[in-house]
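Student: what follows is a predicted structure for the sequence shown.
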Amino acid sequence: MARLAYLFDSSKCVGCHGCQIACKQWNEEQATRTTFTGSYQNPPSLSPDTRTIMRFYENFEQDTIPQLNILKVQCYHCGEPACVKVCPSGALSKTDKGITAVDAAKCIACGYCHSACPFTVPAIGKHVNKCDMCFSRTEHGDDKQKTSTPACVKTCPAGALEFGDRDALVAKAHKRVDWLKTRGHKDANLYGEKVLGGLGVMSVLKYPPASYGLPANPTMPLELFVWKDLFNPMGLLMLAGAVGAAAGHYLLARRQARDDHHHHGGDDSKGKEEMKG
Ligand code: SF4
Ligand code: SF4
């Protein structure tokens, strides 16, 4: 099954927030009352009622070229998702299409996924909330009627969002980056192609990732790797060893008892003979 992905092109985004609204509408999430803080970024962060926001990085310092860098923030559907690895209840899983899926009914709201996520995306209310790649649309929608396209992608008026086969989107994104370079954006880059097993939401950026608040090389937390991949299997091995030792001891004891029984069996018959006599 080909892996699905989003491509967000920051150089095309006009910051209209249409994708945010479409996401809320499709997922039937409450609007939140916010206060104007002097930035176009609103609401200020992801929350149990908000699965995607447009993050605005504004740089209007004197003697520099003014920058208004926009990033679509949501679950990035990592190829190797830390949240799935850490979730103790099986509420998060990876589908063969590359969706990091959510089964809210299984969530125990422990918050481990939020802490483990390299982008601290999952929001915890009564249960976890994050983008699930419009699972109901991408899994059950109709390609011809475009009901299988995620709501945010379908609504974007600027063509800044695309969705589909990941390999095809990577090729397209590289062409766009090359084009941006010919237009003077020497730092243009594609974010998310390789990191964390390859992200399921890749971004074309005109400036280095740090100018959008993105870590250049996000990694899975080391302690998670140590706990899940090293310590846990060792714990299982130790447990298996203990069970094996107990089983061995039990078998030896049984054998001993059987030998004793045979040995005493002669005495029994002897006793019976004595009784007969
Ligand atoms: S908050 Fe829910 S989804 Fe996240 S790790 Fe805990 S049980 Fe899993
Ligand atoms: S709908 Fe498109 S243009 Fe509008 S904020 Fe979202 S990505 Fe940008």
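Tutor: Noted; the coordinates are in hand. Ligands and ions are numbered 1, 2, ... in the order given.
Student: specify the local secondary structure of Phe8.
Tutor: The local conformation at Phe8, judged by DSSP: H, G, I helix; E, B strand; the rest coil, is strand.
Student: okay, it and ligand 1: tell me how far apart.
Tutor: For Phe8, the distance to ligand 1 under the criterion CB to the nearest ligand atom, to the nearest Å works out to 24 Å. Heads up, the C-betas are built off the backbone N, CA and C, glycines and all.
Student: Thr138 now?
Tutor: From Thr138 across to ligand 1, the span is 20 Å (CB to the nearest ligand atom).
Student: just Ala210 next, same as before
Tutor: The spacing between Ala210 and ligand 1, counted by CB to the nearest ligand atom, is 28 Å.
Student: and that residue, that's in a strand?
Tutor: No. Using three-state DSSP, the assignment for Ala210 is helix, not a strand.
Student: interface residues of the stretch 101-250 of the chain facing ligand 2?
Tutor: For the stretch 101-250 of the chain, the residues in contact with ligand 2 (CB under 6 Å from any ligand atom) are Thr155, Cys156, Ala158, Ala160, Leu161.
Student: mind telling me what element Lys24 is part of?
Tutor: Secondary structure here is read from DSSP states H and E; on that basis Lys24 sits in helix 18-26.
Student: after that helix, which helix or strand is next?
Tutor: Once helix 18-26 ends, the next helix or strand along the chain (criterion: DSSP H and E) is strand 53-59.
Student: that older thread, buried members of the residues of the stretch 101-250 of the chain next to ligand 2 into PyMOL, please.
Tutor: A single PyMOL command selects the buried members of these (16 or more other CB atoms under 10 Å):
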select buried, resi 155+156+160+161
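Student: can I get the residues of the stretch 101-250 of the chain next to ligand 2 in CSV including distance to Pro81?
Tutor: Putting these into CSV (distance: CB to CB, whole Å) gives the following:
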residue, distance to Pro81
Thr155, 26
Cys156, 25
Ala158, 29
Ala160, 25
Leu161, 21
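Student: make JSON lines out of the residues of the stretch 101-250 of the chain next to ligand 2 and add pLDDT, distance to ligand 1 and secondary structure.
Tutor: Written out in JSON lines, the entries for these read as follows (pLDDT from 0 to 100; distance: CB to the nearest ligand atom, whole Å; DSSP: H, G, I helix; E, B strand; the rest coil):
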{"residue": "Thr155", "pLDDT": "97", "distance to ligand 1": "27", "secondary structure": "helix"}
{"residue": "Cys156", "pLDDT": "98", "distance to ligand 1": "28", "secondary structure": "coil"}
{"residue": "Ala158", "pLDDT": "98", "distance to ligand 1": "33", "secondary structure": "coil"}
{"residue": "Ala160", "pLDDT": "98", "distance to ligand 1": "29", "secondary structure": "coil"}
{"residue": "Leu161", "pLDDT": "98", "distance to ligand 1": "26", "secondary structure": "strand"}
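Student: which one of the residues of the stretch 101-250 of the chain next to ligand 2 is nearest Trp26?
Tutor: Distance from Trp26 was checked for each of these by CB to CB. The minimum falls on Thr155, at 9.2 Å.
Student: quick check: closest non-adjacent residue to the closest one.
Tutor: Computed as CB to CB, 6 or more residues apart in numbering, the closest residue to Thr155 that is not its neighbour in sequence is Ala22, at 3.9 Å.
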